[in-house]
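Visitor: The following block contains a protein sequence and its predicted model.
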Amino acid sequence: MFEKCKEHQEKHLNGRKAITFDDNGVPRISHELLEHVIEQILPRSEVYTIMILKLTIIILFLVLTFSSILIYEKSSLNESTKALAVLMTGLLPKVFEVFSEGSSYWNLVETENACRIEKIVKDFLSQTQGDIKSNIEDIPVTTKHSHHFISSSVEEESNPSHMRRKTRIIMPSDDDDKDVSLEILREGREFTLSRRQLSQLNTPRTNSSLSNYLLMPNKKPNADPLKMNEIPPESTIERCEKELLSQKNSVAYFKSYGSFDLAGIRLMKKLVWLHEIKSKVAFETTWLQLAFKYHSLEDRKKVEVALLDSVVNGRPFKIGHFQCNISAFELSTLCGEGYLCDETITFMVNLYCARANESKGKAAFFVLDPLLVEGDSQFEAILRNAFLDINIKEVEAFFWPYYMRTKKHWGLCVFWLAEATIRFDDGLHCPISNELKKWCNQILDTLHHITGETTLCSSAWSFARFKEPMPDQIVHEKQEHGTGSCGVGVILAARDLIHGIPFVWTFKNAMYHRAAIMLDIVNFAQSSMA
């Protein structure tokens, strides 16, 4: 019954709450539902009083009957009454069994109530929809039947580096509530479901014993992955996919299930992905309750809808700006201690730069693409496009989020033009590597070549740490928060350096910083609709 309440509440965010979460994130039955059940159960106490009275009469009758037999060695009762006495005597072992197990009057009441509580709770949940219809105008947060989906598209104007965003609202179709089949996995396009809907699909379980298979050349598939009740582990599926790619016209035979071609194996990969979605959504729902502790309920619901319930052009909550694409999948990495992708970091630093530039009335700050080093063959073209409309003489600093591949860790490079210094730091305070120096010098020399500014010649620049070190990411071995938040540190450090304020944040509170970043992204998307 608890699971049914939880499932119903996830579908109807603004109905009366059947489940609440305590300070530790543990789900509990809500006070409102408990009161409703008690109100329905208590009037039945009269029934149980009558039940006890009848049981007392039966026991007294049995005592009198046995007393008559023991005292007079016979009974004056007629035959039919004797038969009734014998029949009722059979109740004694049952009564003894019930009460010898520690049961009591209240245990009997609870047992009877258990059968009725399920019906009462169902009535409570079904009433929820009728109760909130009249108040739907007063609710600031959207529900499953009323939410709007944010869609952002980017149009290039005559200046390719300048982007104008056009946003529209997409209303859900009438069949949003219909049952969704796994058949959607056969579609070649992106899903038109929210992450919450995807998490509610019934998927086959993973069976580690299905790690062995046989490749059979020149055979046709005879099995359907979507009809399996269990699938192989992810590592087996990936290995099988690689082998089928190298051996054309072959199938993979799994004992007890049949043979699958490459398309079938890729369907299995989607099933594995759905398993991940299911576990992530369950975690995120609880995490949001904790992370938005210091925000209003409206703010939390706003982010929850964007993260779990919005569907846009086949991708949940997609916003395109600053040449970055942020979807619900990028928002998801902000939950827990997920590692942030380059697009989330670039988007947020760009957002802070844009706000500061607007305040200053000039392009004082901007961001370089974190993946700049990957475009080696187009290195100059990328930088030329980045500086196309920028007056280098107005620039105070530009930021380059730097990903250390060997450490799988984010740091931040800041090019301060006034002092001709590249300053670097990260939460682990890694040394400034020769590779980092090489890329920074190449950036400067390329910009020198593009702009003709002699101040950008790398030979005139030096390397140094931040004047104020970034807060320590790992304080002790048993630290729970901040261990995977190097990207969050880059975003917060860039924000404070842009505004010229000291670092007062810590990685210990990474959860709350992540919540604030999510809210910033969602608020930006909504403000662009105005």
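Guide: Great, that's in hand. Residues are numbered from 1 along each chain as shown.

Visitor: Can you pull out the low-pLDDT segments for the stretch 201-350 of the chain?
Guide: 311-324 (pLDDT under 70).

Visitor: The chain too?
Guide: 1-51, 53-54, 68-181, 187-191, 311-324, 373-377, 475-480, 482, 529-530.

Visitor: make it 50
Guide: Counting by pLDDT under 50, the chain shows low-confidence ranges at 42-45, 94, 97-109, 111-112, 128-179, 189, 313-314.

Visitor: I'd like the distance between the nearest residue to residue 251 once chain neighbours are set aside and residue 56.
Guide: Leaving out its chain neighbours, the residue that sits closest to residue 251 by CB to CB, 6 or more residues apart in numbering is residue 259, at 4.0 Å. For glycine as for every other residue, the C-beta is placed from the backbone atoms N, C-alpha and C. Distance, residue 259 to residue 56, using CB to CB, to the nearest Å: 71 Å.

Visitor: Of these two, give the one with the bigger neighbour count.
Guide: Legend: neighbour count by other CB atoms under 10 Å for residue 259 and residue 56, higher for residue 259 (19 against 10).

Visitor: That one bridge partners, please.
Guide: Assessed by DSSP bridges, residue 259 has beta-bridge partners residue 253.

Visitor: looking at this, residue 432 is in a helix?
Guide: No. Residue 432 sits outside any helix when classified using DSSP: H, G, I helix; E, B strand; the rest coil, being coil.

Visitor: ok, now how distant is it from residue 416?
Guide: Counting by CB to CB, the gap from residue 432 to residue 416 is 15 Å.

Visitor: And for residue 501?
Guide: The gap separating residue 501 from residue 416 is 16 Å, by CB to CB.

Visitor: likewise residue 238?
Guide: 45 Å.

Visitor: again with residue 251
Guide: Per CB to CB, residue 251 is found 60 Å from residue 416.

Visitor: which of these two has more neighbours?
Guide: The residue with more neighbours, out of residue 251 and residue 416, is residue 251; 25 against 17, by other CB under 10 Å.

Visitor: The host helix or strand of that one packs against which elements?
Guide: If you go by DSSP states H and E, residue 251 is part of strand 250-254. Applying 3 or more CB pairs under 8 Å, 6 or more residues apart in numbering; DSSP states H and E, one finds that strand 250-254 makes contact with strand 214-217, helix 234-246, strand 258-260.

Visitor: ok, now with 10 Å
Guide: strand 214-217, helix 234-246, strand 258-260, helix 262-291 (3 or more CB pairs under 10 Å, 6 or more residues apart in numbering; DSSP states H and E).

Visitor: any chance of the ones you listed in a markdown table, plus distance to residue 367?
Guide: As requested, the helices and strands packed on strand 250-254 are exported to a markdown table (distance: least, CB to CB, whole Å):
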| stretch | distance to residue 367 |
| --- | --- |
| strand 214-217 | 48 |
| helix 234-246 | 35 |
| strand 258-260 | 45 |
| helix 262-291 | 26 |
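
Visitor: so which of these is the most packed in?
Guide: The highest average neighbour count among these, using mean count of other CB atoms under 10 Å, belongs to strand 258-260 at a mean of 21.

Visitor: List the contacts of that one.
Guide: Defining contact as CB atoms under 10 Å, 6 or more residues apart in numbering, one finds that strand 258-260 is touched by 213-216, 219-225, 227-228, 232, 237, 240, 244, 250-254, 264, 266-268.

Visitor: distance of residue 253 from residue 326?
Guide: The gap separating residue 253 from residue 326 is 42 Å, by CB to CB.

Visitor: Who has more neighbours out of the two?
Guide: residue 326 (25 against 18).

Visitor: for that one, phi and psi?
Guide: The phi and psi values for residue 326, taken as degrees, to the nearest 10, are phi -110, psi 120.

Visitor: Isn't it up against residue 348?
Guide: Yes. The pair residue 326 and residue 348 passes the contact test of CB atoms under 10 Å, sitting 9.4 Å apart.

Visitor: Could you name every residue contacting both of the two?
Guide: Here residue 326 and residue 348 have 521, 524 as joint contacts, going by CB under 10 Å, 6+ apart.

Visitor: Quickly list the domain ranges of the chain.
Guide: 1-61, 200-292, 316-529 (the TED database).

Visitor: Span of stretch 452-459 from start to end?
Guide: 15 Å (CA to CA, to the nearest Å).

Visitor: Going by neighbour count, which residues in it are buried?
Guide: Buried positions in stretch 452-459, judged by neighbour count with 16 or more other CB atoms under 10 Å: 456, 458.

Visitor: same check, this time on stretch 489-500
Guide: Buried residues in stretch 489-500, counted by 16+ other CB under 10 Å: 489-498.

Visitor: again with stretch 351-367
Guide: For stretch 351-367, burial by neighbour count (16+ other CB under 10 Å) applies to 351-354, 356-357, 363-367.

Visitor: hang on, isn't residue 263 packed against residue 225?
Guide: Yes. Using CB under 10 Å, residue 263 is in contact with residue 225, at 9.1 Å.

Visitor: joint contacts of those two?
Guide: Shared contacts of residue 263 and residue 225 (CB under 10 Å, 6+ apart): residue 186.

Visitor: Now residue 345: which helix or strand?
Guide: Using DSSP H and E, residue 345 falls in helix 342-360.

Visitor: and that helix, what does it pack onto?
Guide: Counting contacts by 3+ CB pairs under 10 Å, 6+ apart, helix 342-360 packs against strand 319-321, strand 324-326, helix 328-332, strand 365-367, strand 397-404, strand 409-416, helix 486-499, helix 510-527.

Visitor: The fifth one packs against which elements?
Guide: To tie it back to what came earlier, the one meant is strand 397-404. Packing partners of strand 397-404 (3+ CB pairs under 10 Å, 6+ apart): helix 342-360, strand 365-367, strand 409-416, strand 421-425, helix 434-451, helix 486-499.

Visitor: Direction-wise, compare that strand with helix 434-451 and give the angle.
Guide: Counting by axes from the mean of the first three to the mean of the last three CA atoms, to 10 degrees, strand 397-404 lies at 140 degrees to helix 434-451.

Visitor: Now do the residue lying closest to residue 235 once chain neighbours are set aside against residue 252, distance only.
Guide: Distances taken as CB to CB, 6+ apart place residue 211 nearest to residue 235, at 7.8 Å, with adjacent residues excluded. Computed as CB to CB, the residue 211 to residue 252 distance reads 12 Å.

Visitor: Give me the more crowded residue out of those two.
Guide: Under the criterion of other CB under 10 Å, the comparison of residue 211 against residue 252 puts residue 252 first, with 28 against 14.

Visitor: That one is in contact with residue 236, isn't it?
Guide: Yes. Here residue 252 reaches residue 236: they are 9.5 Å apart, a contact under CB under 10 Å.
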